[in-house]
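Engineer: build me a model from this:
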Amino acid sequence: MTAAQRRLTRAKPDSKNRCRRRATVAARHLAARHLKVARQPRDFHQKTAREFVKSYDLIVVEDLAIANMLRRPKPVTDAGAPGRHWPNGAAAKTGLNRSISDAGWGQFVSILRANAEEAGRAWVEVDPRHTSHRCEACGHAAVENRVSQAEFCCRRCSHTAHATNMPHAIFFGLDWPFMREPHENKLTATSCERSHMVSRCNCYS
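Structural biologist: Here you go, the predicted model:
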């Protein structure tokens, strides 16, 4: 970038050569800005992952199928009018897909796992099914537990909480049957080890 700017200053004013060099500087400047924007999420992921690994002995994540979450909704054909389709929420889904891609969930999980393995932390991936409507108090899972997008109320024990607090159900459900079998080369913790970690840090990530 600096060399291109120097060549631009040496070019004769109002010449074709100066126009070409000005275009080169503009292109490199734009490329540098795009590169900076692309590196910012990865830098944030690296710093956040290091903080998690530094603070916690046990790291639990949902084993999300992100590629499936990014699929476009299927078209809904109008049976009464061939060639026409009913609204299927594609526009809203496009916005959600863009947000997921911008957040870089997959990249963050990969970086977090690499840091956890390097530091010798216990790594557990939990089946994401029912985690949004499973009660953290009694373990009861039902769709009706989610009264709204923000409110949670268990139909069995009447436990209430804000939906943003419900990821605690993932941590308290590590020994439940819905947990997936660990993949190869994945750090896992036994029930005894997890109990020790819970009493030690009383937190999850």
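
Engineer: how about the nearest residue to the residue positioned nearest the centre of the chain, chain neighbours excluded?
Structural biologist: Centroid-nearest residue in the chain: W105, 2.5 Å away (criterion: C-alpha atoms, centre = their mean). Nearest residue to W105, sequence neighbours excluded (C-beta to C-beta, 6 or more residues apart in numbering): I66, at 5.5 Å. (Each C-beta comes from the backbone N, C-alpha and C, glycine too.)

Engineer: so who does that neighbour touch?
Structural biologist: Shown in contact with I66 (C-beta atoms under 8 Å, 6 or more residues apart in numbering): I100, W105, G106.

Engineer: elements contacting the helix or strand harbouring I59?
Structural biologist: Element membership for I59 (DSSP states H and E) is strand 58-62. Applying 3 or more C-beta pairs under 8 Å, 6 or more residues apart in numbering; DSSP states H and E, we find strand 58-62 packed against helix 105-119, strand 122-126, helix 168-172, helix 191-201.

Engineer: the same query, at a cut-off of 7 Å, please.
Structural biologist: If you count contacts as 3 or more C-beta pairs under 7 Å, 6 or more residues apart in numbering; DSSP states H and E, strand 58-62 packs onto helix 105-119, strand 122-126, helix 168-172.

Engineer: ok, now which ones touch H45?
Structural biologist: G104, Q107, F108, I111 (C-beta atoms under 7 Å, 6 or more residues apart in numbering).

Engineer: nearest to V25 among these?
Structural biologist: Among the contacts of H45, G104 lies closest to V25 (C-beta to C-beta), at 30.4 Å.

Engineer: which residues touch the closest one?
Structural biologist: Going by C-beta under 7 Å, 6+ apart, G104 touches P41, H45.

Engineer: let's see 10 Å
Structural biologist: G104 makes contact with P41, R42, F44, H45, I66, S110, I111 under the criterion C-beta atoms under 10 Å, 6 or more residues apart in numbering.
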